[in-house]
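[1] Starting from these lines, generate the structure:
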Amino acid sequence: MKAIKAQFPIIYFSALSMMVTSFGHTQHLGVFEGNGDIGPVKNIGSAAFDASTGKYTVSGSGTNMWGETDEFHFVWKKMSGDVSLFADIEWEGKGTDPHRKACLMIRQSLGPESAYVDAAVHGDGLTSIQYRDTMGGPTREIQANVNAPKRLRIEKAGDFISMSIADSSGKLHSSGGSFKAPFAEPFFVGLAVCSHNPDVVETAKFGKVAIEQLEQRPDSTKRIESTLETISISSFDRRVVYHTKDHIEAPNWSPDGKTLVYNSEGSLYKIPVEGGNPKKMETGFANKINNDHGISPDGTQMVISDGTESGSSLIYTLPIEGGTPKKITPIGPSYWHGWSPDGSTLAYCAERNGNYDIYTVPVEGGKETRLTDAGALDDGPDYSPDGKSIYFNSARTGTMQIWRMKPDGSEQEQITTDKYHDWFAHPSPDGKWIVYVTFGTDVPAGSHPANKDVMLRLMNLQTGEIKVMAKLFGGQGTINVPSWSPDSQQVAFVSYQLK
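    Prediction:
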């Protein structure tokens, strides 16, 4: 056994017993190096390894692992590079609090305010990725759509973190919802238990534990997987609706709040907001539908942008239950983006004479009206819920920014002003917010490519305050079209990961 090293972080004391819990090598811990309590727990935790069964028994107390600080018991190994940690997780006893947590964790330090990410199974079966991406910052989570899986994996590949869960066959597959969380080397990898009750000690058993040092692979050898998610605007917590190895894009939220619609490989699919099996929608001859589609304000019609007839994107409407598409714009390319609240008018981006501008047309078809002519790319028009404004993005200043204008194209004003490239602003149904996707400065102003590090950002339209909702791998397809929940509390989007 090695002696306790002086450079190890703070030693914590139990408030009741005043006994010391040290981050040292007190016993054989299998593949791990040490264990100890994180934060000022009331009851000291413990860890033991049974070589005959290969199981780790970890007991921990603690008020919570959430917010800006944590309290729990941690069994750890110091590591660098790309790593993955696997384990079966089994709770001992019925437990006291349904929010007790057994976790696979990657942690920057052994301090209670440390940046970290974990794959957590709660006492009630809720399974999620939890993370704090800055020291002392808030904790966020991405809830999986599977409850109480027996086996979990957490993986760090570059700066991206992901979780995998076992299906009924025992085979691991991605839970979806990867995100960017850079860690400085070295960092700590291990097992964690928190009772979520300072007066209680809870115990979990971790079996078939394995740590892998991953080889870096070039992106050209990987494939894209897609995750349909929702995110709360109050907490910025995310929930996985559906994960697939297929490429999917651009969710719409139905006006009744029950269904999400997305496009994939030229077709439309619908899926319950709670998750389940997607169902292909009937769209007649249209089989080259792109990611510019939406639902009418009264929920009776779909609008699509499709290239089947001419090879160029044209706009069509059809009944929400399916049917033969009706052509609205005979000239292409035309890409739908907004439906007026009264249901009478469609707003879209179109290329005419070599320039992309914003246009409107009656929903029944007819003469189109050009609203912008700035000489630079204008795109992504979407109506405010009162119908008095159209939000859009424009590269006329040299960077792509969010703008706003009257429905007739007058009084055009710039809304965002930073160095980034902002696309596809969607006003909330209550008119208080806009959500949009932001590309970095490495992307040209007139481009919104796929497979980039992007941010989902939220602007308070009364104060102008902008907050980052999520950092993810995405871009094209993430949030091209309106995707607010009817109650203005959530947004649907698609994230991607290379696997």
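[2] CA atoms for contacts and neighbours, from now on please.
    OK.
[3] in the stretch 301-450 of the chain, what spans have low per-residue confidence?
    Of all residues in the stretch 301-450 of the chain, none has pLDDT under 70.
[4] list the contacts for the spatially most central residue of the chain?
    When Cα atoms, centre = their mean is applied to the chain, the residue found nearest the centroid is Gly177 (5.0 Å). Residues in contact with Gly177 (Cα atoms under 8 Å, 6 or more residues apart in numbering) are Ile142, Ser162, Thr227, Glu229, Val240, Ser495, Tyr496.
[5] so what secondary structure elements neighbour the lengthiest strand in the chain?
    In the chain, taking DSSP state E as the definition, the longest strand is strand 202-214. Contact partners of strand 202-214 among helices and strands, from 3 or more Cα pairs under 8 Å, 6 or more residues apart in numbering; DSSP states H and E: strand 55-60, strand 82-92, strand 187-194.
[6] Residue ranges of each domain in the protein, please.
    Taking automatic domain parsing as the domain assignment, the ranges for the chain are 12-214, 282-484.
[7] re the thing from before, tell me the buried residues in the helix or strand following the longest strand of the chain?
    Once the chain leaves strand 202-214, the next helix or strand it forms, by DSSP states H and E, is strand 224-232. By 16 or more other Cα atoms under 10 Å, the buried positions in strand 224-232 come out as Glu225, Ser226, Thr227, Leu228, Glu229, Thr230, Ile231, Ser232.
[8] With pLDDT and distance to Tyr56 added, can I get those residues in JSON lines?
    Listed next are those as JSON lines, based on pLDDT from 0 to 100; distance: Cα to Cα, whole Å:
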{"residue": "Glu225", "pLDDT": "95", "distance to Tyr56": "33"}
{"residue": "Ser226", "pLDDT": "97", "distance to Tyr56": "34"}
{"residue": "Thr227", "pLDDT": "97", "distance to Tyr56": "32"}
{"residue": "Leu228", "pLDDT": "98", "distance to Tyr56": "35"}
{"residue": "Glu229", "pLDDT": "98", "distance to Tyr56": "34"}
{"residue": "Thr230", "pLDDT": "98", "distance to Tyr56": "35"}
{"residue": "Ile231", "pLDDT": "98", "distance to Tyr56": "35"}
{"residue": "Ser232", "pLDDT": "98", "distance to Tyr56": "36"}
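[9] Just the closest of those residues to Glu282, please.
    Nearest to Glu282, judged by Cα to Cα, of the buried residues of strand 224-232 is Leu228 at 20.9 Å.
[10] quick one, what contacts the closest one?
    Leu228 neighbours (Cα under 8 Å, 6+ apart): Val240, Val241, Tyr242, His243, Pro251, Ala492, Phe493, Val494, Ser495.
[11] and the second one, that's in a strand?
    In other words, Val241. Yes: assessed by DSSP: H, G, I helix; E, B strand; the rest coil, Val241 belongs to a strand.
[12] Count the residues that sit near the residue lying closest to it once chain neighbours are set aside.
    Setting aside the residues directly before and after it, Val241 is nearest to Gly275 in space (Cα to Cα, 6 or more residues apart in numbering), at 4.7 Å. Neighbour count of Gly275, defined by other Cα atoms under 10 Å: 17.
[13] Gly275 touches Val146, doesn't it?
    No: in this structure Gly275 lies outside contact range of Val146 using Cα atoms under 8 Å: 9.9 Å.
[14] My guess is Ile233 contacts Asp487. True?
    No: counting by Cα under 8 Å, Ile233 does not reach Asp487; the two are 11.1 Å apart.
[15] From Val117, how far off is Val41?
    Separation of Val41 from Val117 (Cα to Cα, to the nearest Å) stands at 20 Å.
[16] now Leu126
    Leu126 is 16 Å from Val117, by Cα to Cα.
[17] Compare those two (neighbour count), which wins?
    Val117 (28 against 18).
[18] Surely that one is in contact with Met135?
    No: Val117 is not in contact with Met135 according to Cα under 8 Å; the separation is 11.9 Å.
[19] Counting neighbours, what do you get for Gly475?
    If you count neighbours by other Cα under 10 Å, Gly475 ends up with 26.
[20] what's the burial count for the nearest residue to it once chain neighbours are set aside?
    Sequence neighbours aside, Ala450 is the residue nearest to Gly475 in space, at 4.9 Å (criterion: Cα to Cα, 6+ apart). Ala450 has 14 neighbours, counted by other Cα under 10 Å.
[21] Surely Ala450 touches Gly477?
    Yes: taking Cα under 8 Å as the definition, Ala450 is a contact partner of Gly477 at 7.2 Å.
[22] Overlap of the contact sets of these two?
    Common contact partners of Ala450 and Gly477 (Cα under 8 Å, 6+ apart): none.
[23] Of Ile233 and Asp487, give the one with the bigger neighbour count.
    Neighbour tally, Ile233 and Asp487, criterion other Cα under 10 Å: the higher count belongs to Ile233, 17 against 12.
[24] tell me the contacts of the more buried one?
    Contact analysis of Ile233 by Cα under 8 Å, 6+ apart lists Leu458, Met469, Gln489, Gln490, Val491.
[25] what does Ala115 give?
    Residues in contact with Ala115, defined by Cα under 8 Å, 6+ apart, are Arg107, Gln108, Ser109, Tyr131, Arg132, Asp133, Thr134, Met135, Gly136, Gly137.
[26] Most neighbours among those residues, which one is it?
    Counting neighbours by other Cα under 10 Å, Tyr131 leads the contacts of Ala115 with 26 neighbours.
[27] what about that one, which SS state?
    The local conformation at Tyr131, judged by three-state DSSP, is strand.
[28] What values do phi and psi take at the nearest residue to it once chain neighbours are set aside?
    Nearest in space to Tyr131, with sequence neighbours left out and distances taken as Cα to Cα, 6+ apart, is Val117 at 4.2 Å. The phi/psi pair for Val117 (degrees, to the nearest 10) reads phi -150, psi 140.
[29] Dig out what Val117 forms beta bridges with.
    Here Val117 sits in beta bridges with Ile106, Tyr131, as judged by DSSP bridges.
[30] What separation is there between it and Cys103?
    As judged by Cα to Cα, Val117 and Cys103 stand 10 Å apart.
[31] Same check on Thr416?
    40 Å.
[32] Give me the more crowded residue out of these two.
    Neighbour totals were compared for Thr416 and Cys103, and Cys103 leads with 28 against 17 (other Cα under 10 Å).
[33] was I right about the more buried one contacting Thr203?
    No: taking contacts as Cα under 8 Å, Cys103 lies outside contact range of Thr203: 11.7 Å.
[34] Mutual contacts of these two, please.
    Val193.
[35] Below-threshold pLDDT in the stretch 51-200 of the chain: ranges please.
    Applying pLDDT under 70 to the stretch 51-200 of the chain flags no residue at all.
[36] Tell me, how many residues neighbour Lys208?
    13.
[37] ok, back up a step: what sits against the residue nearest to Tyr131?
    Going by Cα under 8 Å, 6+ apart, Val117 touches Met105, Ile106, Arg107, Ile129, Gln130, Tyr131, Arg132, Asp133, Ile161.
[38] so which of these comes closest to Ser168?
    The nearest member of the contacts of Val117 to Ser168, counting by Cα to Cα, is Ile129 at 20.2 Å.
[39] where's the closest one relative to Ile142, distance?
    Separation of Ile129 from Ile142 (Cα to Cα) stands at 5 Å.
[40] The two - which one has more neighbours?
    Between Ile129 and Ile142, counted using other Cα under 10 Å, Ile129 has the larger neighbour count: 29 against 25.
[41] Tell me which helix or strand the nearest residue to the more buried one once chain neighbours are set aside sits in.
    Excluding the flanking residues, the one nearest Ile129 by Cα to Cα, 6+ apart is Ala119, at 4.7 Å. Ala119 belongs to strand 116-122 when assigned by DSSP H and E.
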